[in-house]
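Colleague: fold the following for me, if possible:
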Amino acid sequence: MRSIRAEDYQDVPRAVAVMPKSFAAGSRTERHSHKRAQLLYATAGLMMATAEDGTWVVPEGHALWIPPRLPHAVVMHGDVAMCSAYLAVEAIAGFSERARVIEVSPLLAAALVALTGEPILYDERGRGGHLAALVLDETRRAPETRLTLPLPRDARLRRICLGLIDDPALALGLDAWADQAGVSRRTLTRGFRRETGLSFGQWRARARIVRALALAADGRAARHVAASVGYRSIQALRGRIEALIGREGDTRPGSATVAPPG
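Modeller: All right, here's what the predicted structure looks like:
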């Protein structure tokens, strides 16, 4: 049987080493890092990953690209099945140097699953080698989603972000948050743009959606989810989710969708 210990895949003499694994709802990993890059593909359930510079939500059909040696922790919402691909450093020249959530194409999904059926020391000139090359190429080409919450380095802005992550329903306005942080409204708005690439309002809306997706994966009722993240109606929250991650029921072949609460 294939090992389910990540450390057993860090020195495999192949460009790509894959490890399928399942977790019960509510499981979590402590903060850790890997020598290799990791493609963390959710085949069922939803994962929430955190690192020093951000938080990422990884629903079914999506994957988190994690650069080598990036310390991160993962929490499972719902029962989770994943496939981790560990990519050798020498094979990822030109890949992103920051973590990001990507859309998993049907070809990438099929290649990852098929590679789990090959020996760990697959024939590099045979089927295993071809599948590994597909994994690398499709990962490099995959479009990034907006399922991320970048965290600012400025300690004052970071406190605001962590407060909103803890309680995204907080209804404080921009001026109130600026007062709490001890900065001017202008400093707050400019700082958010500079350090996260988002306006304060965009960041808060995204924080609410990230929490909503996690609560829905935990099996919470739709009305509870909406209220918990500061929305008065399920419809308003659903509209926000669809605006961020694409409309529910995308019928493109092999497309990955995330159902809004309800």
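
Colleague: okay, the residue of the chain most remote from its centre: pLDDT?
Modeller: No residue in the chain has its C-alpha farther from the mean C-alpha position than R125, which lies at 32.7 Å (Cα atoms, centre = their mean). Per-residue pLDDT puts R125 at 97.

Colleague: i'd like the first residue to be 124 from this point on
Modeller: Sure thing, new numbering starts at 124, so read that last one as R248.

Colleague: how about the secondary structure of it?
Modeller: Taken by DSSP: H, G, I helix; E, B strand; the rest coil, the conformation at R248 corresponds to coil.

Colleague: distance check, it against A255.
Modeller: If you measure R248 against A255 using Cβ to Cβ, to the nearest Å, the figure is 11 Å. C-beta coordinates here come from the backbone N, C-alpha and C atoms, glycine included.

Colleague: ok, K144 next?
Modeller: 19 Å.

Colleague: the more surrounded of the two?
Modeller: A255 (24 against 14; other Cβ atoms under 10 Å).

Colleague: after the helix or strand harbouring the more buried one, next one along is what?
Modeller: With the criterion set as DSSP states H and E, the secondary-structure element containing A255 is helix 250-264. Per DSSP H and E, the first helix or strand lying C-terminal to helix 250-264 is strand 271-273.

Colleague: for stretch 350-361, which positions count as buried?
Modeller: Neighbour-count burial for stretch 350-361 flags S351, V352, G353, Y354, I357, L360, R361 (criterion: 16 or more other Cβ atoms under 10 Å).

Colleague: now the residue nearest to E247 when sequence neighbours are not counted: how far from R248?
Modeller: The shortest distance from E247 to any residue that is not its chain neighbour, by Cβ to Cβ, 6 or more residues apart in numbering, is 6.9 Å, and that residue is R137. Distance of R137 to R248, computed by Cβ to Cβ: 12 Å.

Colleague: how about R329?
Modeller: 45 Å.

Colleague: on that earlier part again, quick check: phi and psi at the residue farthest from the centre of the chain.
Modeller: Dihedral angles of R248 (phi, psi; degrees, to the nearest 10) stand at phi -100, psi 0.

Colleague: am I right that H200 is in a strand?
Modeller: Yes - remark: H200 belongs to a strand, assigned using three-state DSSP.

Colleague: per-residue pLDDT, L257?
Modeller: pLDDT, the model's per-residue confidence, is 97 for L257.

Colleague: re the thing from before, ok, residues contacting the helix holding A255?
Modeller: With Cβ atoms under 8 Å, 6 or more residues apart in numbering as the test, helix 250-264 has contacts from 137-139, 141, 162, 186, 188, 208, 210, 214-215, 217-218, 225, 228, 230-231, 234-235, 237-238, 241-242, 245-247.
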